[in-house]
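Participant: Based on what follows, work out the 3D shape:
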Amino acid sequence: MLRGLAGFNRDWLRSDIPAGLSIAAVGLPSAIAYPAIAGLPPETGIYASIVAPIAYAIFGPSRLLVVGPDAATMTVLAAAMGAIIAAEPAGADANRVAIAAALALGVGIFCIAAKLLRLGVLASFLSRPILVGFFAGVSLSILVGQIGRFTGVKIESDGLIPPLAEMLAKSGLIHWPSLVLGLAMFMLLWIVRAFRFRIPGPVLVVVLSVVLSAVFDFEGRGIAVVGDIPSGLPSLSLPALHQMPLDKIVLGSAAIFLVSFGAGIVAARSFGSRTGEEVDANQELVGLGAANIAPGLFGSFPVSVSDSRTAINLATGGVSQLAGLVSAATLIAALVFLQSALRILPIPALAAILATAAISLIDVHELKKIWRISRMEFIFALIAMWGAISFGVLNGVVVAVAATLVYLLRRTMFPRDGLLGRIEGRPGFFELARFPEARPIEGAAVFTIQGSILFYNADYVRLRLTSVAKELPADTRCLVLDAGAVTHIDSTGAAALDAVAKVLAKRNIVFAVADLGEQSRGILERAGVVKEIGPDNFFNGREEALRALTGNAGEAGNAASAGHAL
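Facilitator: Below you'll find the predicted structure:
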């Protein structure tokens, strides 16, 4: 606990107080705007921005990360809430705030459970290309969701194309003052970004739109405004979980946890690479768990690591979690003293902030980089994007996870392999297909496999080995499988090697295995494969195997430790 404040001294106040004020200034507009994505009242965003940083400051391991509302997390939250509300009886008055709080508690519990099981590796489950593609799809969903707020037209359809078609059909109902205001604020945000003003764009939009709303009475002219915001502090309460479909709560919490934690750790490692701060995913689970449980107990919603707030913290010289505490205190003051000003904040201005945030989720530079590095990974990024757009954000999470699994299987289904030989005057082994000057070993064959031999690739490995065996010269006495890079073999893989041993036995070729790990050897022993191959045909290395089976290891020298070039 309190690792983010460890070693505190008064000199930190000079840095952390200005940083905290800056975080609050940047965070307030998004705190008010983001809840609209999930149909929640604006005060819930302020509550989350108050209690989550306090909880993270107590339990989080990082000095510099700042947690808070996140556009992508809010979009997954909106989808999860939609599924829960749809599962309730017809005519039931769904309490959206209570559902959001229950999901926040669920996310927090998933975080703590994952920490106890040391599942921080889940942060890497969604690969970077798939996250980039998924967030691009999420951004398009957010952009479409702002059509009604920009135009003042109630849009009832879901998806990507139907809302656009509905907007065209209802074009006569557009409230033009709202649209003009929203587009003007949207342009202002991009102007501020282009010219790098010292005042953050969202802060400028909020201040300017509130002043204009007060001067020109936007509410009286039909422009929607935020409306009344409770001026008191959030109260401690437990959502009525017994009145909700718990299976949908669990599934929704799992989806939000996977996306928010995966994206949060990517952001944490990105900032950690700049500051030299090590990021331990398992320890971050504790901080993020607390940062989600706290909003769940105070009538708010799930949060994640906030890119914008953390960036501001770094840019303004924050050195500890005191900056997050100052930010929380500043937002408490804003909630108490600026309630009347926030009340007249125009909805189109918030739509402009959300639309800008959504566009920032589309990482065009990263997509170009993925295209340049790997066409296959780019395709999986597009699949993740397509899933979020076509099937909805919640189902898009499933598509993204499925795409990750397919990508992983594709990468490991066909392990790299090849016959090895010698190059005169050089120690070690070299792949014959890559090195034309390499020559096969007289009377023997050495075949390497780089990857596990498991149920989904065992048949491929068997076919490769048997095809190699059939093409070996008639004077070949042995085939040595270099298993130094084989990390695991399952029962199906053992059966495949057993079949290869039988094929080689029919040709009177000894099948030998070199440098096999103890765990994999245990699998082969229990499967009876060691007995089939012969215990004496298992060796510590290739040189030892060749020396024992052919009586001559060739130009060995110190080759036993030299490895092979692949």
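Participant: show me where the protein has strands.
Facilitator: Using DSSP state E, the strands of the chain run over residues 67-68, 304-305, 416-423, 426-431, 444-450, 478-482, 510-514, 538-539, 564-565.
Participant: how about those strands, which one is nearest Ser209?
Facilitator: Of all those, it is strand 67-68 that lies closest to Ser209, at 21.3 Å by CB to CB. All C-beta spots, glycine's among them, are computed from the backbone N, C-alpha and C.
Participant: Now tell me what touches that closest one from outside.
Facilitator: Outside strand 67-68, the residues within contact range by CB atoms under 8 Å, 6 or more residues apart in numbering are 27, 30-31, 48-49, 52-53, 56, 60, 287-288, 291, 303-306, 309, 324.
Participant: coming back round to it: quickly compare the strands of the chain and say which is most buried.
Facilitator: strand 67-68 (a mean of 32; mean count of other CB atoms under 10 Å).
Participant: Partner strands of that one and their direction?
Facilitator: If you go by DSSP bridges, strand 67-68 pairs up with strand 304-305 (antiparallel).
Participant: average pLDDT across the strand it pairs with?
Facilitator: For strand 304-305, mean pLDDT is 93.
Participant: same deal with stretch 540-553?
Facilitator: Stretch 540-553 shows a mean pLDDT of 86.
Participant: just stretch 84-95 next, same as before
Facilitator: Per-residue pLDDT over stretch 84-95 has a mean of 81.
Participant: Quick one: end-to-end distance for it.
Facilitator: 11 Å (CA to CA, to the nearest Å).
Participant: Okay, and the beta partners of the closest residue to Ala485 other than its chain neighbours?
Facilitator: Nearest non-adjacent residue to Ala485, counting by CB to CB, 6 or more residues apart in numbering: Gln450, 4.2 Å away. Listed beta-bridge partners, Gln450: Arg416 (assigned using DSSP bridges).
Participant: Quick one: closest of the strands of the chain to Lys368.
Facilitator: That would be, of the strands of the chain and by CB to CB, strand 304-305, which comes in at 24.8 Å.
Participant: Name the residues that touch that closest one?
Facilitator: Strand 304-305 is contacted by residues 65-67, 70, 72-73, 260-261, 263-265, 267-268, 288 when judged by CB under 8 Å, 6+ apart.
Participant: Among those, which one sits closest to Pro346?
Facilitator: Pro346 has its nearest neighbour among the contacts of strand 304-305 in Asp70, at 23.3 Å by CB to CB.
Participant: Pairing partners for the closest residue to that closest one other than its chain neighbours in the sheet, please.
Facilitator: Leaving aside its sequence neighbours, Asp70 sits nearest to Ser304 (CB to CB, 6+ apart; 4.3 Å). Beta-bridge partners recorded for Ser304 (DSSP bridges): Gly68.
Participant: So Ser304 versus Val66, what's the distance?
Facilitator: Ser304 sits 11 Å away from Val66, taking CB to CB, to the nearest Å as the criterion.
Participant: Ile453 now?
Facilitator: 46 Å.
Participant: Between these two, tell me which one has more neighbours.
Facilitator: The neighbour comparison of Ile453 against Val66 (other CB atoms under 10 Å) goes to Val66, with 33 against 25.
Participant: Tell me who's in contact with the more buried one.
Facilitator: Residues near Val66 by CB under 8 Å, 6+ apart: Ile23, Pro53, Tyr56, Val305, Ser306, Arg309, Thr310, Ile312, Asn313, Ala323, Gly324, Ser327.
Participant: most neighbours, which of the residues you listed?
Facilitator: When neighbours are counted by other CB under 10 Å, Gly324 leads those with 35 neighbours.
Participant: quick one, what contacts it?
Facilitator: When contacts are counted by CB under 8 Å, 6+ apart, Gly324 touches Gly4, Gly20, Ile23, Pro53, Ile54, Tyr56, Ala57, Val66, Val67, Asn313.
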